[in-house]
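A.B. asks: When you get a sec, could you give me coordinates for this:
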Amino acid sequence: MTVTALTPTPHQKVLGTTQIRADVFPANVHYSFADNPYPKSRVLVTADEIIVLVDGRPSAPNVAYSGRLEDLSGDRRMLVATTADGTITVSRAQGCGCGSRLKSYRPFQRVVRMAAR
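C.D. replies: Numbering: from 1, shown residues only. Next comes the predicted model:
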């Protein structure tokens, strides 16, 4: 399998209510199928999707990866998401993420936290 760099696209805010399993920022993201050249990422895991946002200066944050979730495992320190493209390993990065618009960005109109399984 060839490992490629991801090309980010602008994120469109989602109207309505979205169920969230996890929201990790700042996040270290490692893909089994691509390189991640972005030092600051924010990962959102919904009921059925994983979204990796990166800083999109000067505009709104960009989506580096979005894919349908096939499986999710892990704990508070590390998540492993399986998609059709491969696995994505997410861990919390050090620091607070200051200076990034990802920290205050609200990608969904209304968020409902899902209970842990």
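A.B. asks: Neighbours of L15, how many?
C.D. replies: Counted with other CB atoms under 10 Å, residues neighbouring L15 total 9. Bear in mind the C-beta positions are built from the backbone N, C-alpha and C, glycine included.
A.B. asks: Am I right that it is in contact with Q109?
C.D. replies: Yes: counting by CB atoms under 8 Å, Q109 is a contact partner of L15 at 4.9 Å.
A.B. asks: Just the buried residues of the longest strand seen in the chain, please?
C.D. replies: Identified as the longest strand of the chain according to DSSP state E is strand 14-31. Across strand 14-31, burial judged by 16 or more other CB atoms under 10 Å covers T18, R21, A22, D23, V24, F25, P26, A27, N28, V29, Y31.
A.B. asks: Beta-bridge partners for the third one, please?
C.D. replies: This means A22. Beta bridges link A22 to V45, judged by DSSP bridges.
A.B. asks: Over to the first one?
C.D. replies: For T18, the residues forming beta bridges with it (DSSP bridges) are V111.
A.B. asks: And G67, by the same measure?
C.D. replies: I50.
A.B. asks: so what's it up against?
C.D. replies: Taking CB atoms under 8 Å, 6 or more residues apart in numbering, we find G67 in contact with E49, I50, T83, A84, D85.
A.B. asks: so how many other residues sit close to G74?
C.D. replies: Neighbours of G74 using other CB under 10 Å come to 14.
A.B. asks: Need the pLDDT of it.
C.D. replies: Model confidence at G74, given as pLDDT, is 91.
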